[in-house]
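A.B. asks: any chance you can model this:
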Amino acid sequence: MKKAILISCALFLGACSQNAAKSKHADMPIEDGKVYEKVLANGMKILVKVDRRSPVVVNQVWYKVGSSYEHNGITGLSHMLEHMMFKETKNLKIGEFSEIVAENGGRDNAFTGKDYTAYFQTIAADRLPLMMKLEADRMRNVRISEAEFKKELEVVKEERRWRTEDKPGSLTYERFQAAAFMNSPYHHPVVGWMEDLDAMSMDDAMDWYRRWYAPNKATQVVVDDVNPFDVFALAEKTFGKHKAVDLDPPKPQPETRQRGERRIKVHGRAELPSLLLGWKVPTLVTAQGDAEVEKEVYALEVLAGILDGGNSARFPRELVRDQQVAQGAGAGYSLADRLQTLFTLSGTPAKGKTVEQLEMALMEQLQRIKDSPVSDAEMNRVKSQVLAADVYEKDSMFYQGMVLGMLETVGLNWGKADEYVPMIQAVTAADIQTVANKYFTERGLTVGELVPDVAQQGGQ
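C.D. replies: Numbering: from 1, shown residues only. Now for the predicted structure:
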């Protein structure tokens, strides 16, 4: 048996049983499906959702930092730090964190987004105390050597080359985002600009770590058949020992008003051209305190489903199958972004069709939405899809935890999750017309085009 198994239960934790942290509330009745909440004295929030269908626990720790917290010159720091969190700590050797998880029958990973960084494990329920001990350790005890930092930085650079620079579609989307947002930090790619990665230092990473990886900037989410009061007691013994960090919130960076159409072309090694159209729109976070704008947010969500919500939606039905102007077309919108975001339309022209013809077809679809109410049948289809998806997604313990963690981390209370379906059901055809006419204007449009260019003269 490897040392990792032994250290996990005996030396590092002291006990692997949930009974090790029984609280005075242990005998209280626990409701299945309910979310229990506790805020520790150091400001860390603990959320426990009871799900009795499986003996497997999902443990997630969310930090309120991502690429939108970065500024010019340090882009990519949050993502780089995610990599370093799997290295050495005061108590663990390089890579030992994941080894312990694997040896205990679990799996772990992490992801960085614009507005958060999250770490998670899926493992047998009786290993939850161990996971909490491990996460509490790396919250404040990461150790980074110069050699290990440089090695991992090259890994991140290669990731950027592989995921973005060598993929023309991804590169076009990155440059499209940068063109759409001038001063909003959504201008930055999550992985960072290569020039900033070249200049990144170990001190940059450690300063960022000490600044943001603190209990008062974190939320733990647990989904399992557990006693939430036992989890709270464990949290006090693990995360509770860390002190809060005195940190000013990031200054607001609202995007400056767009005063005209913006267009970019990106040349890349692609067989087919592609097109992106985007307009800046509100989110649930930016709409807080304004009931009318919040209503618009849900209307935008329904509109995305009208245009691109399965094979019977307008884009696949009309643009792909009927008109055959597009090989594929889609609509995208994220209502839970922390800052003002983009509502996007995208597509690849069909064989024999041009980008200009595709753009005209996409704009004609929007004009129809502006001019004519969406039919009752279409509205009912999207609302039924939303309801079905909500039921299906709740079958995933990981997704349940992800919704809670994401809402809390972007600045929305986790209870917002319960409002989603009823708010979608309340959207009317008139609401959709209103948002289409309000936000999809010529002056607010940004267009990105991928131009196939095998020669690639001058590089990227």
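
A.B. asks: what's the burial count for the residue nearest to residue 168 when sequence neighbours are not counted?
C.D. replies: Of all residues not flanking residue 168 in the chain, residue 268 sits nearest, at 2.9 Å (Cβ to Cβ, 6 or more residues apart in numbering). Heads up, the C-betas are built off the backbone N, CA and C, glycines and all. Residues within reach of residue 268, counting by other Cβ atoms under 10 Å, total 21.

A.B. asks: surely residue 268 touches residue 170?
C.D. replies: No. Using Cβ atoms under 8 Å, residue 268 is not in contact with residue 170, being 9.5 Å away.

A.B. asks: quick check: closest non-adjacent residue to the residue nearest to the spatial centre of the chain.
C.D. replies: Nearest to the geometric centre of the chain sits residue 113, at 4.8 Å (Cα atoms, centre = their mean). Nearest residue to residue 113, sequence neighbours excluded (Cβ to Cβ, 6+ apart): residue 66, at 5.0 Å.

A.B. asks: so what's the one you found scoring on pLDDT?
C.D. replies: If you check residue 66, the pLDDT there is 97.

A.B. asks: and residue 321, how far from residue 353?
C.D. replies: Separation of residue 321 from residue 353 (Cβ to Cβ, to the nearest Å): 14 Å.

A.B. asks: so which of the two has more stuff around it?
C.D. replies: residue 353 (18 against 11).

A.B. asks: OK, contacts around the more buried one?
C.D. replies: 324, 325, 326 (Cβ atoms under 8 Å, 6 or more residues apart in numbering).

A.B. asks: now tabulate these in CSV and tack on secondary structure, neighbour count and distance to residue 81.
C.D. replies: Listed next are the contacts of residue 353 as CSV, based on DSSP: H, G, I helix; E, B strand; the rest coil; neighbours: other Cβ atoms under 10 Å; distance: Cβ to Cβ, whole Å:
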residue, secondary structure, neighbour count, distance to residue 81
324, coil, 13, 47
325, coil, 22, 44
326, strand, 24, 40
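
A.B. asks: where does this protein have low pLDDT?
C.D. replies: 1-27, 454-460 (pLDDT under 70).

A.B. asks: what ranges does it have for its strands?
C.D. replies: Taking DSSP state E as the test, the strands found in the chain are 35-39, 45-50, 56-63, 88-89, 107-112, 117-124, 142-143, 218-224, 262-268, 274-281, 326-332, 341-349, 445-452.

A.B. asks: residue 417: which of those is closest?
C.D. replies: strand 35-39 (8.7 Å; Cβ to Cβ).

A.B. asks: run through who's touching that closest one.
C.D. replies: 45-50, 228-229, 232, 235, 404, 414-415.

A.B. asks: quick one: buried ones out of the residues you listed?
C.D. replies: 45, 46, 47, 48, 49, 50, 228, 229, 232, 235, 404, 414 (16 or more other Cβ atoms under 10 Å).

A.B. asks: ok, the fifth one touching residue 30?
C.D. replies: Think residue 49. No. Using Cβ under 8 Å, residue 49 is not in contact with residue 30, being 11.1 Å away.

A.B. asks: show me what residue 342 is bridged to.
C.D. replies: Bridge pairing for residue 342 (DSSP bridges) gives the partners residue 280.

A.B. asks: which residues touch it?
C.D. replies: 177, 180, 278, 279, 280, 281, 332, 333, 446.

A.B. asks: the third one contacts residue 446, correct?
C.D. replies: Yes. Using Cβ under 8 Å as the test, residue 278 is close enough to residue 446 to be in contact (4.8 Å).

A.B. asks: which neighbours do those two have in common?
C.D. replies: Contacts common to residue 278 and residue 446, judged by Cβ under 8 Å, 6+ apart, are 176, 180, 342.

A.B. asks: distance check, the last one against residue 122.
C.D. replies: Note on residue 342: its distance to residue 122, by Cβ to Cβ, is 32 Å.

A.B. asks: likewise residue 51?
C.D. replies: 13 Å.

A.B. asks: check residue 160 too.
C.D. replies: If you go by Cβ to Cβ, the gap between residue 160 and residue 122 works out to 28 Å.

A.B. asks: repeat for residue 413
C.D. replies: Applying Cβ to Cβ to residue 413 and residue 122 gives a distance of 25 Å.

A.B. asks: what's residue 424 in contact with, if anything?
C.D. replies: Contacts of residue 424 (Cβ under 8 Å, 6+ apart): 298, 301, 302, 382, 383, 386.

A.B. asks: how far does stretch 338-356 sit from its chain's centre?
C.D. replies: 21 Å (Cα atoms, centre = their mean, to the nearest Å).

A.B. asks: before we move on, back to that, let's have the contacts of residue 353 in JSON lines, adding distance to residue 372.
C.D. replies: Listed next are the contacts of residue 353 as JSON lines, based on distance: Cβ to Cβ, whole Å:
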{"residue": "324", "distance to residue 372": "23"}
{"residue": "325", "distance to residue 372": "20"}
{"residue": "326", "distance to residue 372": "21"}
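
A.B. asks: ok, so of those, who is nearest residue 98?
C.D. replies: residue 326 (42.7 Å).

A.B. asks: which residue is the nearest non-sequential neighbour of residue 315?
C.D. replies: In space, residue 315 is closest to residue 329, 4.2 Å off (Cβ to Cβ, 6+ apart).

A.B. asks: quick one: neighbours of the one you found, just the number.
C.D. replies: 26.

A.B. asks: for residue 412, same thing?
C.D. replies: 18.

A.B. asks: for it, phi and psi?
C.D. replies: phi -110, psi 140 (degrees, to the nearest 10).

A.B. asks: contact partners for residue 406?
C.D. replies: For residue 406, the contact set (Cβ under 8 Å, 6+ apart) comprises 62, 116, 336.

A.B. asks: tell me how far the first one lies from residue 222.
C.D. replies: I take that to be residue 62. In terms of Cβ to Cβ, residue 62 sits 12 Å off from residue 222.

A.B. asks: and what of residue 92?
C.D. replies: Counting by Cβ to Cβ - residue 92 and residue 222 are separated by 22 Å.
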